[in-house]
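In: okay, structure incoming, though there's no sequence with it:
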């Protein structure tokens, strides 16, 4: 069972989104009037989760630089190459000096807010258009991935 509790925005309040969420809140011992802390996220749209992997599969099929990779590896590579949705870690190698190491943040469904995902996805499309397909308009690039279908 997931630890996540879904809430619905009401006028001036957050309320349990369903009976399961209300049950989880009761199970944690929360009472009306309690103060709690939370990291709020808007749940991701499953359609866009599939879209990103279809986008990666399309790139494997159409860009030689990604041949032989799976869709997930392509998405991670784009994140690192374009510094999109990455955390940078400063390293200092004796004899070589300072450098930075990019660690791509997880695009996993439960790890990222919908609005953050949309920004990262748009930046990835723009990076591919600019770096690998400069002849393609950004809007056309964003339209290609949904057309790939479920079988991609």
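Out: Thanks, I have it. Model, not experiment: these values are computed from the prediction.
In: domains of the protein?
Out: Listed domain ranges for the chain are 1-40, 46-148 (source: automatic domain parsing).
In: gap between residue 63 and residue 131?
Out: Distance of residue 63 to residue 131, given as CB to CB, to the nearest Å: 10 Å. All C-beta atoms are positioned from the backbone trio N, CA, C, and that covers glycine.
In: for residue 30, same thing?
Out: 49 Å.
In: show me the shaky parts of the protein.
Out: For the chain, applying pLDDT under 70 flags the ranges 1-2, 48-49, 137-152.
In: ok, the most centrally placed residue in the chain - contacts?
Out: Centroid-nearest residue in the chain, with CA atoms, centre = their mean: residue 107, separated by 3.0 Å. By CB atoms under 8 Å, 6 or more residues apart in numbering, residue 107 lies in contact with 52, 75, 79, 85, 117, 120.
In: what are the ranges of the helices in this structure?
Out: 19-27, 46-62, 71-82, 114-131, 138-144 (DSSP state H).
In: what's the neighbour count on residue 40?
Out: By other CB atoms under 10 Å, the residues close to residue 40 number 8.
In: just residue 70 next, same as before
Out: Residues near residue 70, counting by other CB under 10 Å, number 12.
In: ok, residue 35 next?
Out: Count around residue 35 with other CB under 10 Å applied: 5.
In: quick one: it from residue 111, how far?
Out: Residue 35 is 26 Å from residue 111, where distance means CB to CB.
In: what does residue 119 give?
Out: 15 Å.
In: and residue 81, by the same measure?
Out: Taking CB to CB, one finds residue 81 at 21 Å from residue 111.
In: rewinding a little: for the contacts of residue 107, which one is nearest residue 127?
Out: residue 79 (9.1 Å; CB to CB).
In: just checking, that closest one touches residue 87?
Out: No - the criterion here is CB atoms under 8 Å, and residue 79 misses it with residue 87 at 10.5 Å.
In: compare those two and say which is more crowded by neighbours.
Out: It is residue 79, of residue 79 and residue 87, that has more neighbours when counted by other CB under 10 Å, with 21 against 9.
In: which residues touch that one?
Out: With the criterion set at CB under 8 Å, 6+ apart, residue 79 makes contact with 85-86, 102, 104-105, 107, 120, 124.
In: from the residues you listed, list just the buried residues.
Out: When those are checked for burial by 16 or more other CB atoms under 10 Å, the buried set is 85-86, 104, 107, 120, 124.
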